[in-house]
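>>> next one to model:
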Amino acid sequence: MSVDDYLQQMLALQPPGDALPTDLESDWALLLKALAEEFARADAMIEQLTTEILPSKTSALLPEYEEMLALPDLCTFDYLALEERVKAVHARFTASGGSNNKYWIDMAAAFGFTITIDSFLHIWRVYAPGQAQMAVAGAAVAGDPIREWGAEAVMECTFKKLGQSHARVDFAYT
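Below you'll find the model as predicted:
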């Protein structure tokens, strides 16, 4: 509901009489309008929270999801961008475990990657799109990393962390 909708509803629900004026310029109506603005803001927040329920679309509830899923961990870093943090939450939330190629392809899709896997005995070769972000002279400052992988690094760490202990996983970025 809009601010005007809430204001009209509150004015219509007040008791009749001269004590509470219905004139929109009165102090009483201005007070009700301030309350109506808060009701409309809360209404909009509730509407936003209906989409926030999905881990893949969250932003306001991201800290709660991260706490619930024990993130950040060794694979997800504090300095990840919001989009990469959401992808990590979605991947962890939807992870069900598995050792077949489909499981790992679905896991990569949760990170936003389309991958292919070649496997031979206990060696897996994962082909994924990706490119390192390189520091640029003049734009980078002291303390900036020389090279960052972003979501690719999170995906690679997660694969190695959740993979079979006897298997070797190699990544090839294209």
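>>> quick one: contacts for the residue positioned nearest the centre of the chain?
Nearest to the geometric centre of the chain sits residue 86, at 2.8 Å (CA atoms, centre = their mean). By CB atoms under 8 Å, 6 or more residues apart in numbering, residue 86 lies in contact with 55, 56, 57, 58, 59, 62. In short, each C-beta sits where N, CA and C put it, glycine included.
>>> how about 7 Å then?
56, 58, 62 (CB atoms under 7 Å, 6 or more residues apart in numbering).
>>> the first one touches residue 90, doesn't it?
It refers to residue 56. Yes - counting by CB atoms under 7 Å, residue 90 is a contact partner of residue 56 at 4.2 Å.
>>> who has more neighbours out of those two?
residue 90 (21 against 14; other CB atoms under 10 Å).
>>> buried sites along the helix or strand hosting the residue nearest to the centre of the chain?
Assigned by DSSP states H and E, residue 86 belongs to helix 82-94. Neighbour-count burial for helix 82-94, counted by 16 or more other CB atoms under 10 Å, picks out 84, 85, 86, 87, 88, 89, 90, 91, 92, 93.
>>> can you redo those residues as TSV with pLDDT and distance to residue 160?
Shown next, in TSV, are the buried residues of helix 82-94 (pLDDT from 0 to 100; distance: CB to CB, whole Å):
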residue	pLDDT	distance to residue 160
84	82	18
85	86	20
86	88	22
87	84	17
88	83	15
89	88	19
90	86	19
91	81	14
92	83	15
93	85	20
